[in-house]
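*Asks:* All I have is the shape, not the residue letters:
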């Protein structure tokens, strides 16, 4: 799944699970192993519930629906978002073809490439918020104008990856989410695009232009996956502390692996300005490398 959803596609030997990630720290290693054991117990419990709820001889089509037309996917994402009663959980990644991020933003200002944050999860298809996706699907059968104000009845939890942060208008989309009270977090691993509505239906992007909708009890797999990733994510921006919002964004993008040029492009400034501000942050933290700055930022709640 490369364009619009957001779950970890392949779990390549997670670095965090490697002993080298906790050198000479028995207490930290013990806590890490305990957390992994907890995840395994929860996964086992979910599988047990899934098997117990699956009626013998039941047709699989009752639980899984495959969507292959982009307009159909866009419409379904829109329906899931604005039909949700209590919650929307979203994974967003890059290469959004069903609903490019700029198309999900209100038409009140320029959607060039600076900050960003749309009301709906900005990765189209099954992983983006429905309104974003529906907007992208030109010629969609939907007759009423596409909403872009978000669902006021649903509590949004959104996780984005590094690939999403490279998307045009990504920061503006995320800032808008924060203004609307959405919880936004970031992970370094690649996500598969996903949206879960009310914990009852989930839409997962299998590959560009092809998605799968899961109903009960299979939706449990999507909810467990989301919770596991959420626990290991970090806040997109923190409001506490003395750092300016610009410096916080620079640190967030730096920690996500964006180059100075990409960071400058997203923030609407020159690479030289980015470098100057990073240098100033290093001086404030009394460190000599960007890696040390990253550790300092994480330990002191700068990001």
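*Replies:* Noted; the coordinates are in hand. A quick note: this is a predicted structure, and the numbers were derived from the prediction, not measured.
*Asks:* which other helices and strands contact the helix or strand harbouring residue 277?
*Replies:* Assigning secondary structure by DSSP states H and E places residue 277 in helix 271-285. With contacts taken as 3 or more Cβ pairs under 8 Å, 6 or more residues apart in numbering; DSSP states H and E, helix 271-285 sits against helix 245-255, helix 260-267, helix 290-299. Quick note: C-beta positions are derived from backbone N, CA and C, even for glycine.
*Asks:* Just give me the lowest mean pLDDT stretch among those.
*Replies:* The minimum mean pLDDT among these belongs to helix 290-299 (a mean of 86).
*Asks:* For that helix, give me every contacting residue.
*Replies:* For helix 290-299, contacts defined as Cβ atoms under 8 Å, 6 or more residues apart in numbering pick out 234, 251, 254-255, 278, 281-282, 285, 287, 302-303.
*Asks:* report the angle between the axes of that helix and helix 271-285?
*Replies:* Between helix 290-299 and helix 271-285, the angle comes out at 60 degrees (axes from the mean of the first three to the mean of the last three Cα atoms, to 10 degrees).
*Asks:* tell me which residues of helix 290-299 are tucked away?
*Replies:* Judged by neighbour count (16 or more other Cβ atoms under 10 Å), helix 290-299 contains these buried residues: 293-294, 296-297.
*Asks:* of those, closest to residue 221?
*Replies:* residue 294 (33.0 Å; Cβ to Cβ).
*Asks:* if I look at the closest one, how far off is residue 278?
*Replies:* Here residue 294 is placed at a distance of 11 Å from residue 278 (Cβ to Cβ, to the nearest Å).
*Asks:* same deal with residue 87?
*Replies:* For residue 87, the distance to residue 278 - Cβ to Cβ - is 37 Å.
*Asks:* Would you mind giving the secondary structure of residue 195?
*Replies:* Put simply, residue 195 is strand when judged by DSSP: H, G, I helix; E, B strand; the rest coil.
*Asks:* Need the per-residue pLDDT for it.
*Replies:* Looking at residue 195, the pLDDT reads 96.
*Asks:* Report how many residues lie close to it.
*Replies:* 37 (other Cβ atoms under 10 Å).
*Asks:* Equivalent analysis for the one 5 residues further on, please.
*Replies:* When counting by other Cβ under 10 Å, one arrives at 16 neighbours for residue 200.
*Asks:* Residue 154 is in contact with residue 86, isn't it?
*Replies:* Yes - between residue 154 and residue 86 there is a contact under Cβ atoms under 8 Å: 6.2 Å.
*Asks:* Common neighbours of the two, please.
*Replies:* residue 198.
*Asks:* Which of the two has more residues huddled nearby?
*Replies:* Neighbour count, other Cβ under 10 Å: between residue 154 and residue 86, residue 154 has more, with 21 against 12.
*Asks:* now the more buried one, nearest residue through space, not along the chain?
*Replies:* Nearest non-adjacent residue to residue 154, counting by Cβ to Cβ, 6 or more residues apart in numbering: residue 84, 4.1 Å away.
*Asks:* In contact with the one you found, which residues?
*Replies:* Here residue 84 is in contact with 151, 153-154, 197-198 (Cβ under 8 Å, 6+ apart).
*Asks:* one more time with 6 Å, if that's ok
*Replies:* Contacts for residue 84 (Cβ atoms under 6 Å, 6 or more residues apart in numbering) come out as 151, 154, 197-198.
*Asks:* Now do it against residue 176, distance only.
*Replies:* For residue 84 relative to residue 176 (Cβ to Cβ), the value is 18 Å.
*Asks:* how about the helices and strands packed on helix 271-285 in a markdown table, adding distance to residue 226?
*Replies:* Converted to a markdown table, the helices and strands packed on helix 271-285 look like this (distance: least, Cβ to Cβ, whole Å):
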| stretch | distance to residue 226 |
| --- | --- |
| helix 245-255 | 21 |
| helix 260-267 | 26 |
| helix 290-299 | 23 |
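*Asks:* and residue 274, which of these is closest to it?
*Replies:* Going by Cβ to Cβ, the one of those nearest residue 274 is helix 260-267, 4.8 Å.
*Asks:* Enumerate the positions of stretch 150-167 that are buried.
*Replies:* So for stretch 150-167, counting by 16+ other Cβ under 10 Å, buried means 150-151, 154, 156-167.
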